[in-house]
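**Student:** Model the structure of this input:
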Amino acid sequence: MKQVSLLVLFLSLVIMSHAQEGKRTRLAFVFSPQLSWLNSDYSSVDNNGNLFGYNFGLVLDRFFDKNYAFSTGLTINTTGGKLSYDPAVRMNIGGIEQELSDVTYRLKYVEVPLTLKLVTNEFHRSRYYGQFGLYSQFNIKTDDGNGNSMSNEVNFYDMGILLGGGMEYSLGGDTYLMLGLLYGGGFIDVTSEVVDVTDQVVDDKTTLNRLTFQVGIIF
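**Tutor:** Sure, this is the predicted structure:
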């Protein structure tokens, strides 16, 4: 419910801005499938698989020149990955301490990107864009893939680089279909400190990475 409230509030604000600023501001609704994974810099922690998720919400482009814009927004980001620990680690899953070798992190964030977008002139109803910048996101839910909470095992804040590109196809008027591919590479540790079954602290840095197949409608 909080997620919906945030999106409704953001939508109200950007629609007001959109109406006042005309074509200098564009609003898009995106619903994008994505593939994500976790990487650890610790020798005894390995990537053990990818997770499919989605990213949906609103994106706002603010043009300061004909072909250049600052792009931001507010989206709900469902992502995560799987890690294998050797030796096993102790974790609190669903309020119960467990010893686990294979752990699934299904993460949900509220994400705020900030990128520079470069857009070509329109040609045969199509235009192309590239973008690069940063994203910040705030964890609102974490479970083990079976609905068991493990919010204490992850950090609240994540940040990383965001880059990619795609195309916009005119559907008539100011409405466009947007298709793109984005890469998000985190550079902050997303997992909390854990202790293995030998009482050794696993002092690792685990980063979140993803490929997002961006699909949206610009209006």
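**Student:** I'd say residue 203 and residue 42 touch.
**Tutor:** Yes - between residue 203 and residue 42 there is a contact at 7.1 Å, judged by CB atoms under 8 Å. Every residue, glycine included, has its C-beta placed from N, CA and C.
**Student:** More neighbours: which of the two?
**Tutor:** More neighbours surround residue 42 than the other of residue 203 and residue 42, with 13 against 9 (other CB atoms under 10 Å).
**Student:** wait, the more buried one sits on residue 201?
**Tutor:** No - between residue 42 and residue 201 there is no contact under CB under 8 Å: 10.4 Å.
**Student:** Residue ranges in this protein under the pLDDT threshold?
**Tutor:** Applying pLDDT under 70 to the chain flags residues 1-23.
**Student:** let's go with 50 and repeat that
**Tutor:** Applying pLDDT under 50 to the chain flags the ranges 4, 18-20.
**Student:** And the strands in this protein, which stretches?
**Tutor:** Secondary structure of the chain, counting by DSSP state E: strands at 25-40, 45-49, 51-65, 68-93, 96-119, 126-143, 157-172, 175-186, 194-196, 201-202, 206-218.
**Student:** Can you mark which positions in the third one are buried?
**Tutor:** The neighbour-count check on strand 51-65 (16 or more other CB atoms under 10 Å) flags 51, 53-61, 63 as buried.
**Student:** so which of these comes closest to residue 96?
**Tutor:** Closest approach between the buried residues of strand 51-65 and residue 96, by CB to CB: residue 51, at 22.8 Å.
**Student:** Please report the distance of the closest residue in space to that closest one that isn't next to it in sequence from residue 104.
**Tutor:** Take residue 51 and drop its neighbours on the chain: the residue closest to it by CB to CB, 6 or more residues apart in numbering is residue 80, 4.5 Å away. Distance from residue 80 to residue 104, counting by CB to CB, to the nearest Å: 7 Å.
**Student:** Give the residues shared as contacts by the two.
**Tutor:** Shared contacts of residue 80 and residue 104, defined by CB atoms under 8 Å, 6 or more residues apart in numbering, are found at 51, 145.
**Student:** Show me which of the two is the more surrounded one.
**Tutor:** Between residue 80 and residue 104, counted using other CB under 10 Å, residue 80 has the larger neighbour count: 26 against 19.
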